[in-house]
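Peer 1: Below are the sequence and a predicted model for it; my questions follow.
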Amino acid sequence: VVKLLKGTVPVGIPYLFESLIKAVLQQQVSTSFAFKLMDSFFSYFNYTVPDKNRVLEQIKNIKGSFGYRLKYLQNICHLDYNMLEKKITESKEDAISLLTSIKGVGEWTARLSIAFYTRDLSLYPISDLGVRRSFGELYFGRRAKEMEVKMILDSFDAFRGYILYYVLAADRVKNMGVKI
């Protein structure tokens with residue numbers, strides 16, 4: 001797997017607001033549907049990263065399968081991102097707690113957004129069904145329980161984020177029909 005993926009690195013999202021938008025849009029849907037939602041959302045902004053005010057102005061014009069996510073996007077527009085970025089540098093876990101106090105941002109969304117923003121994939125939510133499925137297929141022949149994924153990743157200590165990245169990347173490559 002590492003040979004096949006040689007040279008690939010975890011992708012980061014340079015703007016915290018963008019990372020939160022993408023995490024909210026990915027809530028409780030398949031990866032392919034999440035990409036469609038993100039494409040549709042960003043099309044309203046000419047595929048650029050909008051600022052909070054543009055999102056608030058444009059949200060009433062957004063159509064499609066966004067459902068409750070539009071309200072959650074409004075909620076994250078009211079965050080003080082300078083304060084949140086400072087909180088992330090002080091304590092990522094405290095930043096996660098702060099984010100989860102916002103309606104529509106649960107632990108999964110908070111962890112995912114901070115993981116991609118900081119490129120610290122050790123924060124990636126191991127409760128994610130895709131993570132549990134990928135690890136389960138590799139280690140157990142069934143969907144892994146969250147505690148099983150945690151035990152596996154904890155055994156890799158400082159490399160936990162990279163192991164998670166490579167297992168997920170290998171699973172994605174395999175699902176594209178590439179033999180590994």
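Peer 2: Sure, I can see it.

Peer 1: ok, the residue nearest to residue 66 when sequence neighbours are not counted - contacts?
Peer 2: Leaving aside its sequence neighbours, residue 66 sits nearest to residue 37 (CB to CB, 6 or more residues apart in numbering; 6.7 Å). Any C-beta I mention is one placed from the backbone N, CA and C, and that applies to glycine too. Residues near residue 37 by CB atoms under 8 Å, 6 or more residues apart in numbering: 25-26, 29, 64-66, 69.

Peer 1: again, 7 Å this time
Peer 2: Applying CB atoms under 7 Å, 6 or more residues apart in numbering to residue 37 gives the contacts 25, 29, 65-66.

Peer 1: same check, this time on residue 106
Peer 2: residue 100.

Peer 1: State the distance from it to residue 151.
Peer 2: 23 Å (CB to CB, to the nearest Å).

Peer 1: Which of the contacts of residue 37 ranks first by neighbour count?
Peer 2: Each of the contacts of residue 37 was scored for neighbours by other CB atoms under 10 Å, and residue 25 scores highest at 23 neighbours.

Peer 1: Can you classify the spatially most central residue of the chain as helix, strand or coil?
Peer 2: The chain has residue 112 as the residue nearest its centroid, 3.2 Å off, counting by CA atoms, centre = their mean. Classification of residue 112 by DSSP: H, G, I helix; E, B strand; the rest coil places it in helix.

Peer 1: what pLDDT does the residue nearest to residue 66 get?
Peer 2: Per-residue confidence (pLDDT) for residue 37: 94.

Peer 1: Where does pLDDT dip in this structure?
Peer 2: Across the chain, the ranges flagged by pLDDT under 70 are 1-2, 4-7, 9, 177-180.

Peer 1: Select the longest helix from it.
Peer 2: helix 160-175 (DSSP state H).

Peer 1: in terms of contact count, name the helices or strands touching that helix.
Peer 2: helix 129-139, helix 146-154 (3 or more CB pairs under 7 Å, 6 or more residues apart in numbering; DSSP states H and E).

Peer 1: Relative to residue 13, which of the ones you listed is closest?
Peer 2: With CB to CB as the measure, helix 129-139 is the member of the helices and strands packed on helix 160-175 nearest residue 13 (17.9 Å).

Peer 1: quick one: the helices in the protein?
Peer 2: Counting by DSSP H, the helices of the chain are 16-25, 31-43, 52-58, 69-77, 81-90, 92-100, 107-118, 129-139, 146-154, 160-175.
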